[in-house]
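J.: build me a structure from this.
(chains A and B)
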Amino acid sequence: RAVHAHDSADASPTAPVKAVSSDPFQAPPATSASLMDQPDVAASADAGPKAAATALPHEVPGGLSNVPMFVEVTTYLSFLLLVMLAHVEDFFGKLFMPQKYKQLRVQNGFAPMVKDFESMWIRHVYFRLRDCFNRPITGVAGGRVTLVDRVSKDYNKTFQFTGRLRNVLNLASYNYLGFAQSEGPCADKVDEALREGGVFQGSPVAEAGRTLLLAETEDMVARFVGAEAALIVSMGYATNALNIPTLATKGCLIISDELNHNSLVTGARLSGAEIRVFRHNNTRDLEKQLRRSIAQGQPRTHRPWKRILVVVEGLYSMEGEFCKLPEIVELRRRYKFHLFVDEAHSVGALGKRGRGVCDHFGVDPREVDILMGTFTKSFGAAGGYIAGSRALIDHLRLHSHSAVYAEAMSVPVLAQVSSSMRMIMGEDRENAVLGQQKLDQLAINSRYFAQGLRDLGFMTLGDAGSPVVPLLLFNPAKISAFSRECLRRNIAVVVVAYPGVPVNSCRVRFCISASHTVEELDYALEQVSEIGDLLMLKFRKPTATKSIAGLATKHD
Amino acid sequence: MESAASVANLAGGDEAKRGLLRTAWDFSFRVVLRYIKNSYKDDPFRTFLEACLIGFIIWYMAKRKYNIGTNEIVLTDKEIDELVDEWKPEPLVPPLTDFEREKLDRAVMIDGPNGTKVRLVSGSGTKPAVNFASYNFLGFIDSEEVGQHAIETLRKYGVGSCGPPGFYGTLDVHMKLEKQLAAFVGHSAAILYSQAFATTLSVIPCFSKRNDIIVADESVSFSVQQAISLARSKVYWYKHNDMADLERILGDVNKQLARRGKGGLPRKFIITEGMFQNTGDIAPLDELVALKHRYKFRIILDESFSFGVLGKRGAGLTDHFNVDPHEVDLLIGALCYALGASGGFCCADKDLIEHQRLSGAGYCFSASMPGILTVAASDAIQALEANPAGFLPALRENATLLRGLLERIPGLQVEGAADSPLIHIRLTPEALVRMRRSGGTWTKEDIDRVLGEMAEEAQKDGILLTPATYVDEHERILPNPSIRICVSCTHTRKEIEKCAHAIKSAVSRVTSKKR
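T.: Next comes the predicted model:
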């Protein structure tokens, strides 16, 4: 059972939970005044808080900058060894076992489907860790999840199911608010909708696929995020990949954060617009790029750009970092670009009222031209939305690829979205406080867990209050070791290696949910601490731990 | 050297080490010097040349970097500020035209399920209509059993899976459906994606990369066009369903490759659709397979609309032509059209499916399909597999019946293969000419408007139709405007006749109107 906000505050002596719960979402002061040394930039940013001069450092100072030399060197050496082994194995394998390498050679006049080099990573590295990914589950991915147990007897080439089920603590699913449920008020609403509306809508929205339920849910989404109108898409990935091409065309420029999600990259590539990338969360670099791009215009012709679209994410899911929205909004006023914020992970999870990154920073949602988000995470549903001005949404209804060509969202998913959203907004009379309780609980849980890890001496990434807490592992061998050790202790975690993250910073990612109890989190911390000792993961010195803890308190 | 090193180690201490370093430096310096002297003695000109070369390398590396192809102008900060102030971006979206406004205002709104019979919102109440607009070929949207089972699934799996398949988003029902699909199609393995459009968008770029070659039918649906553009391969388009044209291009491509000689064989693909969304035609798979082997091109087949519809068992184009499904290297299908669930899948060899689990963007980077929809698809396949005679003959009968009735309507052009349940109708050019007595040409918008009127007229008679919509500015070749009719096996004979009748009167009412 989930413990309510105040109970958990009493139950946890280590973290400053009480202070957090009283005021967990104070927007940190913006650091916009020191963006660049341009005099008029400073003037335009004058409106921002003067506290900027004493801007708080990033939660983890420098992020990846203070990695112990030994760790870094051994990480690179490990990868080098892996690659060398792979080449040696391939060389002798091709020599002595040509049958096994048939797929990689020209056969009967057909070029290999997957080239030697392209599949090197999969064949030699991924297969060693394959048991840590695609672990099948059954039932609901809630605070706990039931794994379908499997074993491999041939080094992960094939898996056999043992027929057993394992109920484990789930620190892996994006179930931030704990709405992934098969019982309870939301599920009841979905049940009702299924009885009334069937399962699926057989048309794209633009071709006789618009239903009352869809229209009502769209209106609610718009109200929720604070926009004039919204458009719902049946898949999160497609929300970006199929809508960005309508928002930017040839002659436009897309400036994108280097760590943006693949769907944003795909959308940008499909749009035909020029794409430039700025360094992750570095508004200075963004401004530099903007100044250069506007001044130089389009390449070769120097024609002015039709539009500039800056694409950022609200919460970076592999880093646990928030985008620097207040600074970017300042830049938007000065440089007149259009701002696209992907709130896939932040909507529902951030902000006092759960409205996402705008709510968190106290930024007016109308300062963001395009608010995109997904329902997969906090709402326990699927699909995504785009919200913005009415003119934008009207245009998208007729010209977006998702509205014209893709299937509409199915009935149960719509019902789940609308019922969970209503609950978060406190509009569900019977469960008026449940949504807010979940929001508070998530804020407390994520701070408690992240702080706990830091106190233990682990190296974590991310901003305070992020429900995603990445813990750095570095060495590739520790990826599988960590995941397997966790599973042995009945904890499900997500480990991420290259190509998901840069080669030198393999990590494990914990996703905290409002449905985790303090006991569960304590259990996880205890077990992770043991694993940390076993795998030598506590890179921080105890002195550093203290100052970080102090910083976090001040930050709050 | 080695002995010196061991001596130094024995002696220990800093001085010994430093001495050793000095000895090593002296030694190497002497070697280099001796080499230069010797070579100068033998060939003074070569030494001179080498010195020049070293000088050039140093000069080249020290020189300021420049980028090829940019013509950037150096500006002062003040000038940049002025340019920034002057720059006026276009608005994010253009204002709606009158016609677009009209289209939005007139869009149909459905209350409740979107099955064969729908309730249209009109004014304050609702009005019943028979649905010929939705892709509900096998009528699974109306299925009671599927609906009941969905509720049971909800009570076990909830709604969202809350994660991508790689990260605890793979449900046991996903694996079951994948096995079922592979067995049903007759291929080795299958992979599920959570949206049909994203399936194509992921599968094609996953295998066809830069430098590879794609030869594609020019009438393929938009999702295939987008996937091809994402792949960045070299693309050739052949005339719609024209095998002679295809063969000519395949021959040309192979000739070009032979002329190029070495440099590695690129992957070569023929991409086409099973049943074309934009025309209702069926691709001649038997001929494609023959060409595949003759010219060594692999086949990527988008069966989004043919899966569940064509063939004796409803297993798609391979079933229809009785071709071994393994001949199709990548078979892409949709669960959201015939099966009334959601998402798409790809069938291929095991290795290629496993490759997609790490490289298929829509699989890796998106949450998996909700359990309810997965089970709905599973149920639909089971039902179709158990009793194809309960669905397919009725579907074909209905399609042939409606097509026959429509072909008899004067002024109407009917497109698509004979028993395809996807029928495109449009006004004949003669009818269009007759309608405009004052002369003048028809713009696309005019025709769209007329088709919209036709659909509205039909709605008055209780038939829901929709003009085929496209994002005009993004289609490679914009298909001719048409009304797309989707026949379902659950339509009764009476409903089909009513539909034909409604279209007939709509045509006569629209064409008799003076313009």
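
J.: from here on, just use CA atoms for contacts and neighbour counts.
T.: Noted.

J.: what's the closest non-adjacent residue to B:Ala150?
T.: B:Ile372 (5.4 Å; CA to CA, 6 or more residues apart in numbering or on different chains).

J.: so what does the helix or strand hosting that neighbour touch, helix or strand wise?
T.: In this structure, B:Ile372 is located in helix B:371-386 according to DSSP states H and E. Applying 3 or more CA pairs under 8 Å, 6 or more residues apart in numbering or on different chains; DSSP states H and E, we find helix B:371-386 packed against helix B:144-157, helix B:172-185.

J.: swap in 10 Å and give it another go.
T.: Under the contact criterion of 3 or more CA pairs under 10 Å, 6 or more residues apart in numbering or on different chains; DSSP states H and E, helix B:371-386 touches helix A:411-424, helix B:144-157, helix B:172-185.

J.: give me the neighbour count for B:Glu144.
T.: 12 (other CA atoms under 10 Å in any protein chain shown).

J.: right, I mislabeled it, should have said B:Phe184
T.: 18.

J.: same check, this time on B:Phe56
T.: 12.

J.: and if you look at the one 4 residues further on?
T.: Here the neighbour count serves as a burial measure; for B:Tyr60 (other CA under 10 Å) it reads 11.

J.: using the three-state scheme, assign it.
T.: helix (DSSP: H, G, I helix; E, B strand; the rest coil).

J.: got the buried residues for stretch A:167-185?
T.: By neighbour count on 16 or more other CA atoms under 10 Å in any protein chain shown, the buried set for stretch A:167-185 is A:167-182, A:185.

J.: hmm, I was thinking of stretch A:502-513
T.: Taking 16+ other CA under 10 Å as the criterion, stretch A:502-513 shows A:Asn504, A:Ser505, A:Cys506, A:Arg507, A:Val508, A:Arg509, A:Phe510, A:Cys511, A:Ile512, A:Ser513 as buried.

J.: about what we covered before: within reach of chain B, which of the buried residues of stretch A:167-185 are there?
T.: The subset of these within reach of chain B, by CA under 10 Å from any CA of the partner chain, is A:Asn170, A:Ala172, A:Ser173, A:Tyr174, A:Asn175, A:Tyr176, A:Gly178, A:Phe179, A:Ala180, A:Gln181, A:Ser182.

J.: quick check, nearest of those to chain B?
T.: A:Ser182 (4.1 Å; CA to the nearest CA).

J.: for the nearest residue to that closest one once chain neighbours are set aside, give me its contacts.
T.: Distance criterion CA to CA, 6+ apart; nearest residue to A:Ser182, sequence neighbours excluded, is B:Gly158 at 4.1 Å. The neighbours of B:Gly158, taking CA atoms under 10 Å, 6 or more residues apart in numbering or on different chains as the test, are A:139-142, A:179-183, A:186-187, A:190, A:380-381, A:412, A:416, B:151-152, B:370-372.

J.: which of those count as buried?
T.: A:139-142, A:179-182, A:186-187, A:190, A:380-381, A:412, A:416, B:151, B:370-372.

J.: point out where the stretch 351-500 of chain B drops to low pLDDT.
T.: B:437-439 (pLDDT under 70).

J.: for it, which residues are neighbours of chain A?
T.: So the stretch 351-500 of chain B meets chain A at B:351-352, B:354-355, B:357-359, B:361-373, B:376, B:464-474, B:484 (CA under 10 Å from any CA).

J.: which stretches of the stretch 1-150 of chain B have low pLDDT?
T.: Where the stretch 1-150 of chain B drops to pLDDT under 70, the residues are B:1-13, B:64-70.

J.: try it again at 90.
T.: Along the stretch 1-150 of chain B, the model assigns pLDDT under 90 to residues B:1-29, B:31-51, B:58-77, B:102-116, B:121-126, B:136, B:139-149.

J.: all helices of it, in order?
T.: B:2-11, B:14-42, B:44-62, B:77-86, B:98-106, B:144-157 (DSSP state H, counting those that start in this stretch).

J.: which parts of whatever helix or strand A:Gly435 lives in are buried?
T.: Using DSSP H and E, A:Gly435 sits in helix A:434-455. For helix A:434-455, burial by neighbour count (16+ other CA under 10 Å) applies to A:435-455.
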